Every structure is written in structure tokens, then in C-alpha cells.
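Trainee: pasting the structure only:
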């Protein structure tokens, strides 16, 4: 099943971790989310932030710096309870870019999608 968010294809997939809130963005392809989260505007905004990272930084920086760091962090957060994936530079950056892109929305979920480590 597919839908669109800001012109980007959103693929709705039925994989256990995605139904718990995980998502992945592949620039040029789309955003992958679980069915339970396909209408989660906060998650979609965050994932769109990764598209903005790609647009701002280009192919090489995104795929050789941002994507590997983000994936390592996501996997590490599954292994270590003390590691919070959303508290890493890749995720702060995606959140900040998205927050600005959407004109600093009043209903931004700062708790789950923080802009800084504060």
C-alpha cells in the first residue's frame, strides 16, 4: 500500500518493528512505515527531515555519513536501553530541518522528536 507525504511516496509495510514505530527513509524511493503509523504526522515529518538532509547535503554526504550513523544508532538503541536514537546528531538534524520546513508548527512533538539535546 502507498500514499504520499509532501510529494514523497510513503510505503506502508507490515513488519513487526515498523508497526512499533520504526521507519526508514530512502531518498529517491520513499518513506517506509508500519500500518499503525502511516498517519502519524510527527513520524512522517521526522522521516521527511531525512529527505531534507539528502537535499541539503547531497548524495555522498547523506549515504556515507548520515545514513550509516543513523542506522548504527538505531541498531544500538535496540541493544542498549541507555542509548536514545532520537538523541543523536543525525536525528536532531532531521528534526530541525523538518521543523523549519514546516514553519515551526505549534504542534511539533518535542518530546519524541527533539531539536537539541536540551
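Mentor: Sure thing, it's come through. Worth saying up front: this structure is predicted, and the values here are computed from it rather than measured.
Trainee: and stretch 57-71, end to end?
Mentor: 17 Å (CA to CA, to the nearest Å).
Trainee: tell me how far the one helix or strand in the chain whose mean pLDDT sits lowest lies from the chain's centre.
Mentor: Of all helical and strand segments in the chain, the minimum by mean pLDDT, DSSP states H and E falls on helix 16-19, at a mean of 72. Per CA atoms, centre = their mean, to the nearest Å, the displacement of helix 16-19 from the mean C-alpha position of its chain is 15 Å.
Trainee: over to stretch 49-64?
Mentor: The answer for stretch 49-64 is 12 Å, by CA atoms, centre = their mean.
Trainee: distance of residue 42 from residue 48?
Mentor: According to CB to CB, to the nearest Å, residue 42 and residue 48 sit 11 Å apart. Placement of C-beta: from N, CA and C, glycine included.
Trainee: for residue 11, that is, sorry about that
Mentor: 14 Å.
Trainee: out of these two, which sits in the more crowded spot?
Mentor: Set residue 11 next to residue 48 and count neighbours by other CB atoms under 10 Å: residue 48 wins out with 22 against 17.
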